[in-house]
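Participant: A structural model of the following input is requested.
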Amino acid sequence: MLTRRGKYGLKALVHLAGMPAGQLAFVSDIATANNIPKKFLDAILGDLRKAGFVHSKTGKEGGYMLARAAEDIRVGQVIRVLDGPLAPVACASRTAYQRCDDCPSEKKCAVRLMMLEVRNAIATILDRRTLAEMRDLPALERSLPARRR
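Facilitator: Alright, predicted model coming up:
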């Protein structure tokens, strides 16, 4: 499940993706526009900066901007940085695998096999989609005929 940390991080990045290239955004502006607690957003943006998704500039004229093009940032990458593995259980994770203590045979475990399928479906979607696509979703939705919504 996507945590608030992941959700707020994605909202902040989509906000930055909507800014003109090279323009900085104040944390307070991002927080207000997206209804995110500023102190929480400060911590999230710090993690996104460490992961290379955003650049920051301190001082009176400071703020945040994307470190690379929105087309080059995969949603799955962001979620992994902010929320950890995509797998719903550790034994189905590729990046944080842990064998279950209560499972005598992973190859026969119906729960693990189902969760592997879930993990793969989630990863397929999130690793294929970019921040630019997320940014453009509201405009795309408005352009669809009413019966397709």
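Participant: So the residue lying farthest from the centre of the chain, which state does it fall into?
Facilitator: What lies farthest from the middle of the chain is P104; by CA atoms, centre = their mean that is 34.4 Å. At P104, secondary structure determined by DSSP: H, G, I helix; E, B strand; the rest coil is coil.
Participant: If you count neighbours, what's buried in the top helix by length along the chain?
Facilitator: When the chain is parsed with DSSP state H, its longest helix is helix 110-128. For helix 110-128, the neighbour count (16 or more other CB atoms under 10 Å) marks 112, 115-116, 119, 123, 126 as buried. Any C-beta I mention is one placed from the backbone N, CA and C, and that applies to glycine too.
Participant: What average pLDDT does that helix get?
Facilitator: The pLDDT scores in helix 110-128 average 91.
Participant: can the buried residues of helix 110-128 go into CSV with extra columns for distance to G62?
Facilitator: CSV is the format used below for the buried residues of helix 110-128 (distance: CB to CB, whole Å):
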residue, distance to G62
R112, 47
M115, 43
L116, 44
R119, 39
A123, 35
L126, 31
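Participant: isn't M134 right up against A12?
Facilitator: No. Counting by CB atoms under 8 Å, M134 does not reach A12; the two are 11.6 Å apart.
Participant: For the two, work out which one has more neighbours and name it.
Facilitator: A12 (25 against 18; other CB atoms under 10 Å).
Participant: Surely the more buried one is in contact with T32?
Facilitator: No. Counting by CB under 8 Å, A12 sits too far from T32 to count as a contact (11.7 Å).
Participant: Can you pull the poorly scored residue ranges out of this structure?
Facilitator: Where the chain drops to pLDDT under 70, the residues are 140-149.
Participant: what ranges do the strands span in it?
Facilitator: Along the chain, counting by DSSP state E, strands occupy 54-57, 63-66.
Participant: tell me the most buried of those strands?
Facilitator: Most buried of the strands of the chain, by mean neighbour count (mean count of other CB atoms under 10 Å): strand 63-66, with a mean of 21.
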